[in-house]
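Chemist: Provided below are the primary sequence and the corresponding predicted coordinates.
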Amino acid sequence: MTALTAKAGTVGVGPLPPRGRRRRRVKNVGARIFLVLLAVFLFAPLFVVVLFSFNQTASLSFPIPGLSLRWYDKVLDDPEVVAALGRSAIAAFVTGLVGGTLGILAALGLQGLPSRWRGIVQTIVLVPIATPALLLAIGLAIYFNRLGIKPPKLPMAIAGHILLALPFVLLTMTAALDRFRFSLLEAARDLGATRARAFWTITFPLVLPAVLGAILLAAAVSIDEFIIAFFTTGTDATLPLVIYARIRRVIDPGLNALATILLVATTLLAVLAARTTVSSTRR
Amino acid sequence: MNGRQQEDAVREYLEAKLQQRVDRRSFLRLSSGIVIASSAAAFLAACSTAATTAPTAASTAAPTVRPTPNIKGSTLEWIGLDGEDAAKIDSAKKWRDDNGVALASKYIGTGDEIFAALAAGQQFDIAITFNPYIVRSAKAKLIQPLDTSRLTNWNDMFEGLRGAGFLNIDGKPYGAPIAWGDGPVVFNPKKVPQGEAPTSIKDLYDKKWAKRLTMSNDPAWLFYLTAIDMGFTNAPMLTKDQLAKVAERSAGFVKQNVVSFAATYADATDLLVRGEVDLSLLGWEAMLNFAKEKGGELAFGFLKEGKGGWSDSYCIPTSVVDVDAAYAYIDAIISPQINADVAVALVSGAVNKKAVPLIPAKDNIYDYKNVEKAQSGVFDDYLAPESVTDPNIATRADWTDAWGKITA
Amino acid sequence: MSIAQLAPTLVYFLVFYVGPLAVLLIISFLSFRDFQFVEPFTVDNYVSVARSETFRILFVRTVLLAFLSAFLAVVIAYPFAHLITFVFPRRSRTLYFLVLVSLFGGYLVRIYAWRTILGIEGVVNGTLLTLGWITDPIREILNSPFAVVVALVNFLIPLAVLPIYASMQNVSPGLIEAARDLGSSRLDITRRIMLPLVLPGVRVAFAFCFIAAAGDFAIPALLGGVGSSFIANQIQFQIGQTANWPLAAAMAMTLIALVVAITAALTWASRFLTR
């Protein structure tokens, strides 16, 4: 967002003008407390997950007797986990790429539709998340079974993941494109640029963060999904399936270690993407 | 507002002009290129995995005396509980290496999941099926009867297992049991002192157990125990009237004493160790080991109304691809040494009579009287009938309906 | 041009969503006999869904708890989106990013983490005991509808922030400034300017959350204890225990119809009220 305001000058997102010092300071204290409380609530389970992944014993209740890396050793030594990590990475990558591309195209297409139709198409795209995932998973499995097609396993799961990811991609992209009209207008007026130039030098860099965000979101949906994967991947388990199978057997901090690896990987990916977009748009 | 609308219109017009044609089109071209390229990549990847697992099911026709057709190079697609595939058991590993058979396993947690996965059309060569699910899986045509002449170790299996009612339909066995056990109640000895441990379901009905119990989300065991306690000795062949009475009594029990349903043994252990519950009706001796790892201590005991035995079987799904390898592996798993190792690893009883002496004394915790005679009833005495000829007798569907009312 | 751009997505939907759903719809009208679903076509499954007391209880609970969770998620997400857009704009990217990260933590492991927090020997009870506010741990924090709502809200907040934050980007600060210069009160600004612009985002956020919550089954099963199960748990039960897919499919179709109808009614009502 900072990149956007910097490029587009005065328009776009900006702070509300100050309304007198005293009032503002008082208001911000409340706001900060709210943000802290929200962060505590949002991250409480994640914090517990990460903390217990370093537990010395197999217990999942406080107190923690000591810290160790034994669960990471145990988990990363397991070829099943490594194989599953690989499959999850492929699934996330393809979901991000295909889901991202489809969604971005659709978002661009939506911009050209009259608003009534926009609403309808948008609603259609949102419907898959209205379907209980269990049914969607079984529906996909039976559908291909009944058609007599024997689709390969992992790609079928990816197909399902793309379906779940599309609403998120479409939504973030539509929002970005809506916002982007302002900037474009400004740029076009001020610089008198040609269309192509305007697109590649203004539109594209400005939308890029949203594009990457959308792709990441799609990847994140895929990385965490397990019901569709359960019904479609057969013996090619993805990481959430490994976690799921183990939760069913022994509930120990090894699961927390797996989840933490997942968390760190996705977060790093996201940070990296955010960084590159910022620097590339500033150049 | 009027001004804003006008402004909007101008913006939209300008924007449309700017984005038209060239740019959108090139973007479109680029994106569809990416889509096509990546789908092609996915397709290629898919083909290559399909090629490596390409089955060789051609040689089934030959009527073999010895079950050793050429199975070298096959990959067994297997579904069941982690550990029951003997993936990490040395003797089984050696067999697989010697015979050139690889194992690709899908691990699940509940019998429901195997049943659903098969019904959804997933293909496997071997599927673990729990004793209550065999009849329904067979009726749903998900698994096929075994040709026991292809299993050299079949006749060494305890009669109480291979002749059990849960396994056989019209005299044909639909699976090969590989492990069995009994169904104790497991409790936290700190919260349930010696002498207070229940010995009858009647004890557990007491108010002092309020909000202290967990059980599986399945009526069979509770309804059976309750029925016996109420004097309905014909259980599980309860009449519909009897079922209504049993359900009514059970409803009070669930609402008063049960805090949470345990999805699996691991879940029950988790609830016990965390102190959420003090006793679990869903029990397995191995839970004591699970708990020890977590720094918790558990104990087990039995209720006098029944033993609640379990037995897990290797079944061959109707969707099987590699029949020969499936039979060969089943025969290996029920062979004496491997079966003894399986029994130790799974904390279960062995199914092969010759395996029992091979189990180290400290792991030999089961009473083999349970499996010695045919029709012992240990593994099916508490299971509601799937179908009946007498319309007054309640079927499992009726039990399930009654249970739904209790738990809703 | 826009049709061409929409086409791939729409075709994708046709193949991978409409197809499977149509199969399920057909199955929901089949009969279930001896573990097979067979013709003739019948509406019996829907009749039994409508008649069953059990299912009614489950539907009502699912809708009520999902509604409550979605409502709370939106109520929390809205001020958050507002703050990061207007009050802390320099930090907005970081804060937004943090919220998104909370989506990535492994759904199931997070659910188990709630047991560590809300359980009898959990963080909340431990804190209250240490503070001396209670003398015995409270059992009803976990294994109750309360735990279900807490975990659902936690899971839904990022989903709610997404569209609300997006819609707030449409609000031009210039517009608000102009309104203030013209002497509008803060309430007026919120009602007349902010709301119409942001409401579509709020609507989408609510729909997202409501729908996602109504279809969940892991949270009620693992945190809800006895008597908190959702309709999806019953669907799972029917599929896993009896392979009665016609009935399960009918329940699912009913759930989808119900959820879509409620969402549509709310959308309509909110449009009507803000006209």
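Modeler: Received, thanks.

Chemist: can you tell me the element the residue of chain B found nearest chain C falls in?
Modeler: Chain C sits closest to residue B:112 of chain B, with a gap of 2.6 Å, by CB to the nearest CB. For the C-beta atoms, the positions are set from N, CA and C on the backbone; glycine is no exception. With elements delineated by DSSP states H and E, residue B:112 resides in helix B:111-119, which encompasses its position.

Chemist: residue boundaries of the helices in chain C?
Modeler: Along chain C, counting by DSSP state H, helices occupy C:2-13, C:19-28, C:44-51, C:53-82, C:92-101, C:107-118, C:123-131, C:145-168, C:173-181, C:186-188, C:195-214, C:218-223, C:231-237, C:245-274.

Chemist: can you lay out those as TSV showing mean pLDDT, distance to chain A and mean neighbour count?
Modeler: As requested, the helices of chain C are exported to TSV (pLDDT from 0 to 100; distance: least, CB to the nearest CB, whole Å; neighbours: other CB atoms under 10 Å in any protein chain shown):
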stretch	mean pLDDT	distance to chain A	mean neighbour count
helix C:2-13	84	3	18
helix C:19-28	89	3	20
helix C:44-51	90	14	16
helix C:53-82	93	6	20
helix C:92-101	78	5	18
helix C:107-118	84	4	23
helix C:123-131	85	6	14
helix C:145-168	88	3	24
helix C:173-181	77	5	15
helix C:186-188	76	9	11
helix C:195-214	84	4	22
helix C:218-223	88	9	24
helix C:231-237	87	5	25
helix C:245-274	85	4	18
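
Chemist: ok, the residue nearest in space to the middle of chain B - contacts?
Modeler: The centre of chain B sits closest to residue B:111, judged by CA atoms, centre = their mean, with a distance of 2.9 Å. Residue B:111 sits next to B:129-130, B:132-133, C:240 when contact means CB atoms under 8 Å, 6 or more residues apart in numbering or on different chains.

Chemist: ok, the residues you listed vs chain A, which is closest?
Modeler: For the contacts of residue B:111, the nearest to chain A is residue C:240 (10.0 Å; CB to the nearest CB).

Chemist: ok, the closest residue to the closest one other than its chain neighbours to residue C:197 distance?
Modeler: The spatial neighbour of residue C:240 that comes closest, neighbours along the chain excluded (CB to CB, 6 or more residues apart in numbering or on different chains), is residue B:112 at 2.6 Å. Distance from residue B:112 to residue C:197, counting by CB to CB, to the nearest Å: 48 Å.

Chemist: number of residues surrounding the residue nearest to residue C:240?
Modeler: 20 (other CB atoms under 10 Å in any protein chain shown).

Chemist: quick one, what contacts it?
Modeler: Applying CB under 8 Å, 6+ apart, the residues near residue B:112 are C:236-237, C:239-241.

Chemist: again with residue C:234
Modeler: Contacts for residue C:234 (CB under 8 Å, 6+ apart) come out as B:404, B:408, C:54-55, C:58, C:251.

Chemist: residue A:76 now?
Modeler: residue A:82.

Chemist: distance of it from residue A:69?
Modeler: When CB to CB is the yardstick, residue A:76 and residue A:69 sit 10 Å from each other.

Chemist: count of neighbours near residue B:156?
Modeler: Counted with other CB under 10 Å, residues neighbouring residue B:156 total 17.

Chemist: next, the angle from the helix holding residue B:112 to helix C:245-274.
Modeler: In terms of direction (axes from the mean of the first three to the mean of the last three CA atoms, to 10 degrees), helix B:111-119 departs from helix C:245-274 by 100 degrees.

Chemist: hang on, residue A:171 packs against residue C:163?
Modeler: Yes. Residue A:171 is within contact range of residue C:163, at 5.7 Å (criterion: CB atoms under 8 Å).

Chemist: surely residue B:76 is in a helix?
Modeler: No. Judged by DSSP: H, G, I helix; E, B strand; the rest coil, residue B:76 forms no part of a helix; its state is strand.

Chemist: farthest pair in the contacts of residue C:234?
Modeler: B:408 and C:251 (12.8 Å; CB to CB).

Chemist: and for those two, which residues touch both?
Modeler: When contacts are counted by CB under 8 Å, 6+ apart, residue B:408 and residue C:251 are jointly contacted by C:55, C:234.

Chemist: what's the closest non-adjacent residue to residue 244?
Modeler: You didn't pick a chain, so chain A it is. Residue A:244 sits nearest to residue A:226 (CB to CB, 6+ apart), 5.3 Å away.

Chemist: my bad, chain B
Modeler: In space, and not counting its chain neighbours, residue B:244 is closest to residue B:402: 7.4 Å by CB to CB, 6+ apart.

Chemist: so where do the strands sit in the stretch 101-250 of chain B?
Modeler: Per DSSP state E, counting those that start in this stretch, the stretch 101-250 of chain B carries strands over the ranges B:102-108, B:126-130, B:143-144, B:168-169, B:172-173, B:176-181, B:185-187, B:213-215.

Chemist: next one: the fifth one to chain centre, how far?
Modeler: Put simply, strand B:172-173 sits 20 Å off its chain's centre (CA atoms, centre = their mean, to the nearest Å).

Chemist: what packs against that strand?
Modeler: Counting contacts by 3 or more CB pairs under 8 Å, 6 or more residues apart in numbering or on different chains; DSSP states H and E, strand B:172-173 packs against no other helix or strand.

Chemist: before we move on, what about the first one?
Modeler: Using 3+ CB pairs under 8 Å, 6+ apart as the contact definition, the elements that strand B:102-108 packs against are helix A:239-249, strand B:75-81, helix B:111-119.

Chemist: for residue B:332, find the nearest of the ones you listed.
Modeler: Of all the helices and strands packed on strand B:102-108, it is strand B:75-81 that lies closest to residue B:332, at 10.8 Å by CB to CB.

Chemist: residue of chain C closest to chain B, please.
Modeler: The minimum distance from chain C to chain B, using CB to the nearest CB, falls at residue C:240 (2.6 Å).

Chemist: next, count neighbours for that residue.
Modeler: Neighbour tally, residue C:240, other CB under 10 Å: 21.

Chemist: report the contact partners of it.
Modeler: With CB under 8 Å, 6+ apart, residue C:240 has these contacts: B:110-113, B:115-116.

Chemist: in CSV, list those residues along with pLDDT.
Modeler: Formatted as CSV, these follow (pLDDT from 0 to 100):
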residue, pLDDT
B:110, 84
B:111, 88
B:112, 89
B:113, 87
B:115, 92
B:116, 88
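
Chemist: how far does stretch B:137-147 sit from the chain's center?
Modeler: That offset, for stretch B:137-147, works out to 16 Å (CA atoms, centre = their mean).

Chemist: so residue B:376: helix, strand or coil?
Modeler: Put simply, residue B:376 is coil when judged by three-state DSSP.

Chemist: not counting sequence-adjacent ones, nearest residue to it?
Modeler: Nearest to residue B:376 is residue B:160, by CB to CB, 6+ apart, at 4.1 Å.
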